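Student: Here is a sequence together with a model predicted from it:
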Amino acid sequence: MTSEELLTAILESLENSKAEEIAQIDLRGKTAIGDYMIICSGRSSRQVAAIAERLIDTLKQDLGRSSRTEGKEAGDWVLIDTGDVIVHVFRPEVREFYQLEKMWQSPEGSHTARS
C-alpha cells in the first residue's frame with residue numbers, strides 16, 4: 001500500500017468518525033518523519049478517544065498496519081504514527097494551543113483542509 005492509499009483510507013476513517021476540521025499536510029521533501037501529517041479535532045475527550053480508537057482498529061483490522069499511539073488515555077491529544085502518515089487528533093482548545101498547522105504549513109500553501 002502506498003502512502004497515498006494509506007492517506008486516503010485514514011481520511012475516510014476520520015470522516016466516518018465525524019472528526020472535525022481535518023487538515024492534511026504534505027511532508028514529502030520536508031522531513032523524514034513521514035510523507036503526510038493529518039490534524040483533526042473531536043469535540044470532547046471522549047470523541048477524541050473514539051476517533052483514535054476507530055482509526056487504530058481500521059489500520060490494524062482492515063489495512064494490516066500497526067501504529068504507535070500516544071495520549072489515548074487522556075483524550076486531549078492522540079498521536080497515531082503509521083510511519084508514512086502521522087495523525088494528530090485534538091480537542092479544539094489543545095489544537096489551538098499547539099498550532100501544529102502553522103508549524104508545518106509551507107509558505108506556498110500546500111495545506112488543504114476538510115470539514
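Tutor: Received the coordinates, thanks.

Student: Neighbours of residue 90, how many?
Tutor: A count of nearby residues for residue 90, using other CB atoms under 10 Å, gives 24. Where C-beta positions appear, they are placed from N, C-alpha and C, glycine not excepted.

Student: Could you do residue 103 as well?
Tutor: For residue 103, the count of nearby residues is 9 (other CB under 10 Å).

Student: Nearest to the middle of the protein, which residue? Look it up for me.
Tutor: By CA atoms, centre = their mean, the chain has its centre lying nearest to residue 87, at 2.3 Å.

Student: May I have the beta-bridge partners of that one?
Tutor: With DSSP bridges as the criterion, residue 87 is bridged to residue 38, residue 80.

Student: got the contact list for it?
Tutor: In this structure, residue 87 makes contact with 10, 14, 37-40, 52, 55, 78-81, judged by CB atoms under 8 Å, 6 or more residues apart in numbering.

Student: I'd like to know which of these are buried.
Tutor: The neighbour count (16 or more other CB atoms under 10 Å) marks 10, 14, 37-40, 52, 55, 78-80 as buried among those.

Student: Tell me how many other residues surround residue 3.
Tutor: 16.
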